[in-house]
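Participant: whatever this is, show me its structure:
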Amino acid sequence: MTTLHTQTDSALVHRTVDQAMHRGVTPCASEAPVAAVAATMASHAIHAAAIVSPAGDRALAVSDLDVIRAALSDDARRTAADVAREPMPAIAAGAPLATALALMATQDVAHLLVSPEPDADGWPAGVISSFDLISVLAGRDPALTRVIRPGPARPLVSATTLATTTVEAVMHPGVVHCAPSTPLVEVAGTMADLRLHCVAVAGVGRRPGGDEHFMWGLVGDMDIVHAAYRGELDVPAATIAATAPLALAQSSDLRRAAALMTEHDATHVAAIGRSGLPSGVVSTLDVLRVVAAG
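Facilitator: Numbering: from 1, shown residues only. Here you go, the predicted structure:
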């Protein structure tokens with residue numbers, strides 16, 4: 001367990017995993033085709049599913065990037081069991097959220113399986129994610145921030161392959177951004193309120209001992225987790241923003257975006273419009289919707 005250094009982090013010390021977790025587990029069958037796993041993730045808006053053992057005491061993690069890598073291999077015969085990784089790290093329901101934060105940060109994972117209660121039947125009690133933790137860090141209720149809210153209508157995508165779909169056709173138009181000086185705890189609040197896993201940092205920054213300059217970058221939810229583990233939630237967003245974020249033209253095909261994601265273990269890629277500025281963001285869930293259609 002880590003020692004937390006900021007007042008905001010104190011919520012993680014006094015609250016337990018069962019107070020913030022998502023109850024229940026979204027499972028997938030070991031023999032499920034990759035497209036079916038993609039459909040499950042896309043329909044539930046989740047970034048990981050689990051192949052749970054019959055006894056319920058062990059689960060293999062299947063992440064969004066695992067599914068996308070399989071889709072890029074063009075082997076339609078691959079199943080969930082073929083792409084599943086090592087067992088999903090587990091944590092007790094009664095453990096402090098600080099312990100969950102430390103486990104996510106040190107193992108660099110965004111999901112933890114919550115072990116069943118002692119008097120339960122052995123099936124996992126639920127899952128806690130990085131998004132749940134940043135919601136608590138920002139002073140929000142994870143049960144409310146997880147609710148999928150109605151959003152602007154987006155065009156239907158008729159293409160059923162990554163190579164025949166453009167980034168522009170599936171991306172989230174527009175970019176939610178904050179100023180470089182915004183404290184990370186406020187960035188976490190923006191993510192929680194808008195149900196985002198990524199926020200852009202754009203504006204005028206200052207080099208240490210140097211002049212002012214325009215900068216832009218991206219901060220993801222796992223960046224917030226790592227910063228909280230280090231006790232740095234009060235530092236400006238510019239301190240940790242990826243100032244050379246993954247980006248490509250919005251006219252590019254989605255296969256190129258998917259390849260960038262898997263190459264860099266990234267869940268978001270910025271789309272660049274005709275003006276040369278960011279025009280939107282494409283996420284792994286956007287890619288999975290097309291994989292599911294195939």
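Participant: mind listing residues that contact the strand or helix carrying Asp286?
Facilitator: Under the criterion of DSSP states H and E, Asp286 resides in helix 284-293. Helix 284-293 is touched from outside by 34-36, 38-39, 41-42, 45, 47, 64-65, 67-68, 71, 157, 159-162, 165, 170-172, 254, 257-258, 261, 267-268, with contacts defined as C-beta atoms under 8 Å, 6 or more residues apart in numbering. C-betas here are computed from N, CA, C, even on glycine.
Participant: what does stretch 187-195 give?
Facilitator: Surrounding stretch 187-195, the residues in contact under the criterion C-beta under 8 Å, 6+ apart are 131, 134-135, 137-140, 145-146, 148-149, 176, 178, 196-199, 219, 221, 224, 233, 237.
Participant: now it: average pLDDT?
Facilitator: Mean pLDDT, stretch 187-195: 93.
Participant: what residues of it count as buried?
Facilitator: The neighbour-count check on stretch 187-195 (16 or more other C-beta atoms under 10 Å) flags 187-192 as buried.
Participant: TSV for these, including secondary structure?
Facilitator: Formatted as TSV, the buried residues of stretch 187-195 follow (DSSP: H, G, I helix; E, B strand; the rest coil):
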residue	secondary structure
Val187	helix
Ala188	helix
Gly189	helix
Thr190	helix
Met191	helix
Ala192	helix
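Participant: a markdown table for these, including distance to Ala84?
Facilitator: As requested, the buried residues of stretch 187-195 are arranged in a markdown table below (distance: C-beta to C-beta, whole Å):
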| residue | distance to Ala84 |
| --- | --- |
| Val187 | 32 |
| Ala188 | 30 |
| Gly189 | 34 |
| Thr190 | 33 |
| Met191 | 28 |
| Ala192 | 29 |
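Participant: residue contacts, Arg140?
Facilitator: If you count contacts by C-beta under 8 Å, 6+ apart, then Arg140 has 189, 192-193 around it.
Participant: closest one of the residues you listed to Ala80?
Facilitator: Checking the contacts of Arg140 against Ala80 by C-beta to C-beta gives Ala192 as the nearest, at 30.0 Å.
Participant: narrow the contacts of helix 284-293 to those in strands?
Facilitator: Among the contacts of helix 284-293, the residues falling in strands (DSSP state E) are 172, 268.
Participant: between the contacts of Arg140, which is closest to Pro89?
Facilitator: Distances from Pro89 to the contacts of Arg140, taken by C-beta to C-beta, are shortest for Ala192, at 22.9 Å.
Participant: ok, which stretches of the protein are strands?
Facilitator: 22-23, 48-52, 59-63, 90-91, 111-114, 126-129, 172-173, 177-178, 198-206, 212-220, 247-249, 268-272, 278-283.
Participant: how about those strands in a markdown table, adding mean neighbour count, mean pLDDT and distance to Leu97?
Facilitator: Converted to a markdown table, the strands of the chain look like this (neighbours: other C-beta atoms under 10 Å; pLDDT from 0 to 100; distance: least, C-beta to C-beta, whole Å):
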| stretch | mean neighbour count | mean pLDDT | distance to Leu97 |
| --- | --- | --- | --- |
| strand 22-23 | 16 | 89 | 14 |
| strand 48-52 | 23 | 84 | 19 |
| strand 59-63 | 23 | 85 | 20 |
| strand 90-91 | 18 | 91 | 10 |
| strand 111-114 | 24 | 90 | 11 |
| strand 126-129 | 24 | 92 | 8 |
| strand 172-173 | 16 | 89 | 29 |
| strand 177-178 | 20 | 90 | 24 |
| strand 198-206 | 20 | 79 | 22 |
| strand 212-220 | 18 | 76 | 19 |
| strand 247-249 | 16 | 93 | 34 |
| strand 268-272 | 24 | 92 | 25 |
| strand 278-283 | 22 | 91 | 25 |
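Participant: for Ala29, find the nearest of these.
Facilitator: With C-beta to C-beta as the criterion, Ala29 lies closest to strand 48-52 of those, at 7.5 Å.
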